[in-house]
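Trainee: here is a sequence with its predicted model. Questions after.
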Amino acid sequence: MTRINLIVLIFVSFILFCCQNGSQSAALKELDACIENKPYFENLKAKRIQDLESKLKHQDLALSARYGLCATLYSEYRSYQYDSAYAYAGRMLQMAEKLQDQNLIAQSKMDLAFSCMSAGLYKEASDISSTIDATALSQDMQIDYYSFLSTLYLDMANFSVAGPYYNLYRNKSLDYCKACIALKPDQESPDIIMVRIREHQLQSNYSKAIQVAEESLSSKKLGLHDYAIIASTLAFCYQLQGDTVKAITYFASASVADLKIATKETAAIRQLAELLYLQGDVRLAFSYASLALDDANYYNARQRKIEIGRVLPNIEAAQFKIIKNQNGKLLVYSGLISVLFILFMIATLIILKQKKNLNAARLLILQQNKGLVDSNQKLTESQNKISKQNTDLTRINKKLKEADRIKDEYIGYFFSVSSSYIDKIEDYRKTVVRKIRNRQFEELLHFSDEADLRKEREDMFTLFDHTFMKLFPDFVNRYNLLFEEEDRVVFKADGALTPEIRIFALIRLGVNESERIAKFLDYSLSTVKNYKTKVKNRSMVANEIFEQKIMEIESIKTENEDTQG
């Protein structure tokens, strides 16, 4: 039992491994497709920004409307271009101070601080955010403020790395997570969900962080930006737990979302490149790391440049080593190809010389073979004629066998019918003679009235049907194939044939004249013709070839005999 359990465990593990690798490959393929379409996504981003900036140029806009447009433009630039994002955040702060709205002032300062944080200016971000008075804000704005501070201190911890500041910043980040959740513990906004994930992450409870993140991603209620952040965090948690396949899958999914919204300030694709490098996929790692560096330079994110700078030289060195090995192999292959080319040229000269000799010999052989070809052609024609004659003889022989069998069956059938009628007539004669001798004339008349010729005819038809179906057991099925489903005949349970099938059964037996069919079935000639016309009109084949199709239905025994023969 233990061995069986072990085998099942190994099999299930193998299936799961294949499924995980399949999901990783699919995610990387989707990422490569998005990278190819990167100019398209960036053009959409540029078009949105251009439309918003053209609206902002209208002089008749109210100050609050201008603030709203600047806020929308800031959200477009926030993770796209540091300089523009910082500039619009500054304009938002000026407008908010004119509007004297503490919540808008706090939001503008957070946007300024976020721009600094994204560019790696952590001290500036901390200085700006420290000027915000949380007690003067609404509850929702306090949640945004504490969420931002939690993110800021976690980034500062990751940037400082060494203690004691690393632990200090992580603890501050955790405190702000708890403060944020305490304000609205039941809220399910993306910011609160991210704070919950970060809280579990800071407490090293990665399994709980993974659970919350996966539930959030499966809800399909997130925008692409929120999806990218949560998927990237989920991938990082899987990486810490040693599940590299899932980490790569989610880093790739986060990178896809970043590309679709033209995000430049991103860590997902850099972390993905690092994992792929550790897995040995240097080509993809180099491609993704280069893309991450281009994005960091475009955004001017200092900390991202530093992070990429830690891994990119190793990837470039591995890439250079691969290229060097490939160049060495290329030189070897080039030498081999050169040697092979020289050998090929020598062989070509030898072959051309031999070919000249062969052409002379071939000409002689062709002349000798010409007579043989003519003889062979005549022999082939004779064989084709004999083969055609054999085919015709086989077909005729087959028909003769079938006709002989039908003849034997129906000779037996008519002997049986005749014998039965002779016996019945003899009994009838004896009865008539006895009643005449006894002068029982009334009873004789009554006896004559009781004679049921219709019953005798039906018995004859029953015996005919039985004999025919014995010869052609598949006749009804083959007959029905000539009609649509709704026009097909249902075979009776007692084995009796319908009048229309009985008519075509007689035709199959060679009785083609309508007069003979009418006489046998006790029908009028017009009735037989009407039956035949109605059946042919219902069939799927042309009327003129319907009877030919009937004649092509063969008896089973004849087919078996041909197969055995």
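Mentor: Perfect, I can see it now. Predicted model, so just to flag it, every value in this text is computed and none were measured.
Trainee: what segments of the stretch 251-400 of the chain are helices?
Mentor: 268-279, 282-299, 302-437 (DSSP state H, counting those that start in this stretch).
Trainee: go on, the stretch 401-550 of the chain?
Mentor: So, for the stretch 401-550 of the chain - with DSSP H, counting those that start in this stretch - the helices run 441-450, 453-471, 475-480, 499-508, 514-521, 525-538, 543-551.
Trainee: pick the most deeply packed of those.
Mentor: helix 499-508 (a mean of 20; mean count of other CB atoms under 10 Å). Yep, even glycine has a C-beta here, placed from its N, CA and C like the rest.
Trainee: pull the distance from that helix to the chain's centre.
Mentor: Centroid separation for helix 499-508 versus its chain: 52 Å, with CA atoms, centre = their mean, to the nearest Å.
Trainee: hang on, residue 311 packs against residue 277?
Mentor: Yes: using CB atoms under 8 Å, residue 311 is in contact with residue 277, at 6.8 Å.
Trainee: quick one, which of these two is more surrounded?
Mentor: Between residue 311 and residue 277, counted using other CB atoms under 10 Å, residue 277 has the larger neighbour count: 21 against 18.
Trainee: now for that one: which residues touch it?
Mentor: Contacts for residue 277 (CB atoms under 8 Å, 6 or more residues apart in numbering) come out as 285, 289, 311, 314-315, 318.
Trainee: which of those lies closest to residue 184?
Mentor: residue 311 (38.7 Å; CB to CB).
Trainee: how close does that closest one sit to residue 119?
Mentor: Here residue 311 is placed at a distance of 20 Å from residue 119 (CB to CB, to the nearest Å).
Trainee: ok, so of the contacts of residue 277, who is nearest residue 41?
Mentor: residue 289 (20.0 Å).
Trainee: in contact with the closest one, which residues?
Mentor: By CB under 8 Å, 6+ apart, residue 289 lies in contact with 270, 273-274, 277, 308, 311-312, 315.
Trainee: quick check: the farthest pair among these?
Mentor: Going by CB to CB, the pair spanning those furthest: 277 and 308, at 11.9 Å.
Trainee: which residues of the stretch 451-565 of the chain score low on pLDDT?
Mentor: Applying pLDDT under 70 to the stretch 451-565 of the chain flags residues 451-453, 493, 556-565.
Trainee: can you do 90?
Mentor: 451-477, 480, 485-502, 505, 508-514, 516-523, 547, 549-565 (pLDDT under 90).
Trainee: now the helices for the stretch 101-250 of the chain?
Mentor: 102-118, 122-129, 139-160, 165-183, 190-202, 206-218, 224-240, 244-260.
Trainee: ranking the ones you listed by burial, who's on top?
Mentor: helix 244-260 (a mean of 25).
Trainee: that one versus helix 206-218: what angle between them?
Mentor: If you take axes from the mean of the first three to the mean of the last three CA atoms, to 10 degrees, helix 244-260 sits at 40 degrees to helix 206-218.
Trainee: show residues contacting helix 244-260.
Mentor: 20-21, 23-24, 27-28, 30-31, 34-35, 37-38, 41, 224-225, 227-229, 231-232, 234-236, 238-239, 263, 266, 268-269, 271-272, 275-276, 278-279, 288.
Trainee: and the angle from it to helix 282-299?
Mentor: Between helix 244-260 and helix 282-299, the angle comes out at 40 degrees (the same axes, to 10 degrees).
Trainee: quickly note the distance from residue 298 to residue 456.
Mentor: In terms of CB to CB, residue 298 sits 105 Å off from residue 456.
Trainee: do the same with residue 71
Mentor: From residue 71 across to residue 456, the span is 105 Å (CB to CB).
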